[in-house]
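**Student:** sequence below, structure please.
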Amino acid sequence: MSDLRQTPLYELHESLGAKMVPFAGYAMPVQYPMGVMQEHVHTRTHAGLFDVSHMGQVILSGPSWESVALAFEALVPMDVLGLADGRQRYGLFTNETGGIEDDLMFARRGDDLFVVVNAACKVADLARMRNGLPQQIQLTELKDRALIALQGPGAEAVLAALDSRAADMRFMDVFDLTLDGHAVWASRSGYTGEDGYEISVDASEAEALAKILLEQPGVAPIGLGARDSLRLEAGLCLYGNDIDAGTDPVSAGLTWAMQKARRVGGDREGGFPGATAVFAALERGVPRQRVGLQPKGRAPMRDGVLIYDQTDGGTEIGCVTSGGFGPSLQGPVAMGYVSTGFTTPGTELFGEVRGKRLPLEVVKLPFVPAKFKR
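**Tutor:** Got it, this is the predicted structure:
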């Protein structure tokens with residue numbers, strides 16, 4: 001643990017009794033004394049505070065918004081130019097074969113672009129942007145900022161009590177707020193399927209702000225364990241498990257994030273890495289697709305479990321990429337990839353666990369409906 005990097009909230013985590021584990025090169029809280037199950041339920045019913053400061057925060061600036069947006073569009077298959085000021089989008093870095101190098105969030109702040117990337121991909125993503133952006137675009141890594149997320153049905157009331165403008169925000173809005181004297185950049189977003197906010201704050205003020213939020217009624221600290229079970233129930237991908245450099249957006253079911261302007265026939269068709277491969281997959285279809293999977297018994301099926309079409313013999317037709325216990329459903333849940341002919345909800349398949357094939361059913365995602373404020 002001594003070799004791991006620490007977020008600005010490390011000492012706070014320790015004071016709260018967190019169990020710290022290595023994650024993407026950082027010492028991160030996997031759970032607090034409340035425990036993963038109760039932390040999950042608390043976030044679904046009240047409000048949970050997460051430390052996500054290990055993620056990379058970047059500002060891209062240039063001569064104009066158009067120059068910044070078009071430069072970034074050369075790296076992602078998203079409509080960046082059409083993004084209104086104060087709005088955010090989900091995005092993907094693709095490679096030349098159409099694979100996903102990382103998933104990310106990007107927001108327009110005036111003529112600048114604010115980008116948040118995954119911790120495990122941060123070094124590669126920074127290099128990708130530095131190498132792929134023209135010289136006129138300046139990249140600034142915001143090493144002096146922390147990132148925290150307040151998630152759950154109680155999140156709006158908590159933030160609005162500190163700055164009333166928080167209640168005016170809708171899903172994917174980005175506002176500058178002042179929370180008990182702390183100036184922050186807040187987006188109405190998160191990765192739990194719940195309503196909530198992600199809050200970028202000066203690192204020197206992060207602990208003080210986190211303590212203020214934890215003092216509010218109904219707010220509890222939540223670790224990585226519950227964050228994972230929450231995003232799994234919400235049908236959201238974990239990079240490195242459910243999507244990777246060998247997985248294209250079509251197979252992953254993420255083409256909803258590709259706006260019309262960047263598709264075939266759009267105003268700015270293609271022009272991103274792997275465009276030819278992605279467009280071919282859209283036109284011809286793909287051999288496998290990401291689906292929800294519900295094991296029939298009580299035992300979870302975790303990533304790596306192979307999926308077959310029959311209890312004995314038969315054909316290997318897929319693999320679980322994320323799996324665990326879903327506290328909201330009081331049973332096991334999973335996601336994975338199966339051959340296209342087996343993707344219809346209700347299809348019975350079999351996962352091989354310790355040499356025994358156990359039944360599971362293809363189900364529609366998400367397991368728990370999203371509660372975003374549209």
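**Student:** for the helix or strand harbouring Ile212, C-alpha coordinates in CSV please.
**Tutor:** Taking DSSP states H and E as the criterion, Ile212 maps to helix 203-214. Provided in CSV are the C-alpha atoms of helix 203-214 (Å, rounded to 0.1, in the frame of the first residue of the first chain):
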residue,chain,number,x,y,z
ALA,A,203,-7.7,19.5,-4.0
SER,A,204,-6.8,21.7,-1.1
GLU,A,205,-10.6,22.1,-0.3
ALA,A,206,-11.7,18.5,-1.0
GLU,A,207,-11.5,17.2,2.5
ALA,A,208,-13.4,20.2,4.0
LEU,A,209,-16.1,19.9,1.4
ALA,A,210,-16.4,16.2,1.8
LYS,A,211,-16.9,16.7,5.6
ILE,A,212,-19.6,19.3,5.0
LEU,A,213,-21.4,16.9,2.7
LEU,A,214,-21.1,14.0,5.2
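**Student:** next secondary structure element downstream of it?
**Tutor:** strand 219-221.
**Student:** am I right that Ala71 is in contact with Leu133?
**Tutor:** Yes - taking contacts as C-beta atoms under 8 Å, Ala71 lies within contact range of Leu133: 5.1 Å. C-beta coordinates here come from the backbone N, C-alpha and C atoms, glycine included.
**Student:** so what sits against both of those two?
**Tutor:** Shared contacts of Ala71 and Leu133, defined by C-beta atoms under 8 Å, 6 or more residues apart in numbering, are found at Leu60.
**Student:** which residues of the stretch 101-250 of the chain fall in strands?
**Tutor:** For the stretch 101-250 of the chain, strands defined by DSSP state E, counting those that start in this stretch occupy the ranges 112-117, 138-141, 145-151, 174-179, 182-187, 196-202, 219-221.
**Student:** possible to save these as a markdown table with distance to Glu361 and mean neighbour count?
**Tutor:** Output for the strands of the stretch 101-250 of the chain, formatted as a markdown table (distance: least, C-beta to C-beta, whole Å; neighbours: other C-beta atoms under 10 Å):
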| stretch | distance to Glu361 | mean neighbour count |
| --- | --- | --- |
| strand 112-117 | 35 | 22 |
| strand 138-141 | 44 | 13 |
| strand 145-151 | 29 | 24 |
| strand 174-179 | 39 | 17 |
| strand 182-187 | 35 | 20 |
| strand 196-202 | 30 | 24 |
| strand 219-221 | 33 | 21 |
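**Student:** among the ones you listed, which is nearest Val368?
**Tutor:** Of all the strands of the stretch 101-250 of the chain, strand 145-151 sits nearest to Val368, with 12.9 Å by C-beta to C-beta.
**Student:** ok, the closest one: who's next to it in the sheet?
**Tutor:** Strand pairing for strand 145-151, determined by DSSP bridges: strand 47-51 (antiparallel), strand 196-202 (antiparallel).
**Student:** what angle sits between that strand and strand 182-187?
**Tutor:** 60 degrees (axes from the mean of the first three to the mean of the last three C-alpha atoms, to 10 degrees).
**Student:** give me the contacts around strand 145-151.
**Tutor:** For strand 145-151, contacts defined as C-beta under 8 Å, 6+ apart pick out 7-9, 43, 47-53, 55, 57, 116, 158-159, 190-192, 194-203, 206, 209-210, 213, 219, 222, 230.
**Student:** ramachandran angles for the residue nearest to Thr43 when sequence neighbours are not counted?
**Tutor:** With sequence-adjacent residues excluded and distances taken as C-beta to C-beta, 6 or more residues apart in numbering, Thr43 is closest to Gly152, at 4.7 Å. Backbone torsions for Gly152, taken as degrees, to the nearest 10, come to phi 130, psi 170.
**Student:** surely Gly152 is in contact with Phe50?
**Tutor:** No - the pair Gly152 / Phe50 is not scored as a contact, 10.3 Å apart, by C-beta under 8 Å.
**Student:** can you classify the closest residue to Glu73 other than its chain neighbours by secondary structure?
**Tutor:** Distances taken as C-beta to C-beta, 6+ apart put Val80 closest to Glu73, at 4.9 Å, once the chain neighbours are dropped. Secondary structure assignment for Val80 (DSSP: H, G, I helix; E, B strand; the rest coil): coil.
**Student:** residues contacting Val80?
**Tutor:** By C-beta under 8 Å, 6+ apart, the residues touching Val80 are Ala69, Leu70, Phe72, Glu73, Arg89, Gly91, Phe106, Leu113.
**Student:** what mean pLDDT does the helix or strand where the first one lies get?
**Tutor:** In this structure, Ala69 is located in helix 65-73 according to DSSP H and E. In this model, helix 65-73 has an average pLDDT of 98.
**Student:** can you name every helix or strand that that helix contacts?
**Tutor:** Under the contact criterion of 3 or more C-beta pairs under 8 Å, 6 or more residues apart in numbering; DSSP states H and E, helix 65-73 touches strand 56-61, strand 100-109, strand 112-117.
**Student:** tell me the average confidence for the last one?
**Tutor:** Averaging the model's pLDDT scores along strand 112-117 yields 98.
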